[in-house]
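Colleague: when you get a sec, could you give me coordinates for this:
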Amino acid sequence: MSRIGKRPVALPSGVTAKTEGKTLTVKGPKGELSMTMLDLIEYKIEGEEIQVNPINKTQKARQFWGMHRTLVQNLVDGVTEGFTKVLEINGVGYRAQAQGKKLKLQLGFSHDVDLDVPEGIDVKTPDQTTVEISGIDKQKVGQFAAEIREWRKPEPYKGKGVKYRGEYIFRKEGKKK
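Modeller: As a prediction, the model looks like this:
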């Protein structure tokens, strides 16, 4: 039995959920999100909660049970609070600047890195070394943050690069004389 899957997903006030065909749609104060429902999983909307259960006791249905309950929870959290990832840039001359729907990064290359911000995501740069990515879709926010980080991962000797706020960088000692 899935410990996560057994718990129902609570719908806060102001959030509605409905199913149409193979699509589960959740509407809330921040917007609307939807996901494709799996045939092996049963989604019941009962009052102020969504119950996610496997249709049969096959191994495949049990494997997807907890994950789909978490995906439904992410939909509800996204339309009520949204998701945010904060990236920190460390290094001499490394900086970021949000310009409308573009993010300009200077990461020590001979050229600037210009990234287009995906639809439904907001990017803010409170200062030159901090990038705040926010949106209602957890997958899009995390994917865009990972794409930014991929340009210059933090290195273990000086810690230069792009890292998540709160991420621990394993540091190595330099060469001995």
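Colleague: OK, contacts around the spatially closest residue to Leu107 that is not a sequence neighbour?
Modeller: Leaving aside its sequence neighbours, Leu107 sits nearest to Arg152 (CB to CB, 6 or more residues apart in numbering; 4.3 Å). All C-beta spots, glycine's among them, are computed from the backbone N, C-alpha and C. Contacts for Arg152 (CB atoms under 8 Å, 6 or more residues apart in numbering) come out as Gly91, Tyr94, Leu107, Gly108, Lys160, Gly161, Val162.
Colleague: now swap in Thr36 and tell me
Modeller: Listed by CB under 8 Å, 6+ apart, the contact partners of Thr36 are Lys22, Thr23, Leu24.
Colleague: remind me, longest helix of this protein?
Modeller: helix 59-80 (DSSP state H).
Colleague: picking that back up, want to throw the contacts of Thr36 into a markdown table with pLDDT, neighbour count and distance to Lys6?
Modeller: Shown next, in a markdown table, are the contacts of Thr36 (pLDDT from 0 to 100; neighbours: other CB atoms under 10 Å; distance: CB to CB, whole Å):
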| residue | pLDDT | neighbour count | distance to Lys6 |
| --- | --- | --- | --- |
| Lys22 | 92 | 10 | 23 |
| Thr23 | 94 | 11 | 24 |
| Leu24 | 94 | 22 | 19 |
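Colleague: could you check the angle the longest strand along the chain makes with helix 59-80?
Modeller: Counting residues, the longest strand in the chain under DSSP state E turns out to be strand 83-90. Angle between the axes of strand 83-90 and helix 59-80 is 80 degrees (criterion: axes from the mean of the first three to the mean of the last three CA atoms, to 10 degrees).
Colleague: strand 83-90: partners in the sheet, and parallel or antiparallel?
Modeller: If you go by DSSP bridges, strand 83-90 pairs up with strand 130-135 (antiparallel), strand 161-164 (antiparallel).
Colleague: after that strand comes which helix or strand?
Modeller: Note on strand 83-90: by DSSP states H and E, the next helix or strand toward the C-terminus is strand 95-99.
Colleague: that older thread, tabulate the strands paired with strand 83-90 (JSON lines), appending mean neighbour count and distance to Ser34.
Modeller: Listed next are the strands paired with strand 83-90 as JSON lines, based on neighbours: other CB atoms under 10 Å; distance: least, CB to CB, whole Å:
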{"stretch": "strand 130-135", "mean neighbour count": "20", "distance to Ser34": "15"}
{"stretch": "strand 161-164", "mean neighbour count": "19", "distance to Ser34": "28"}
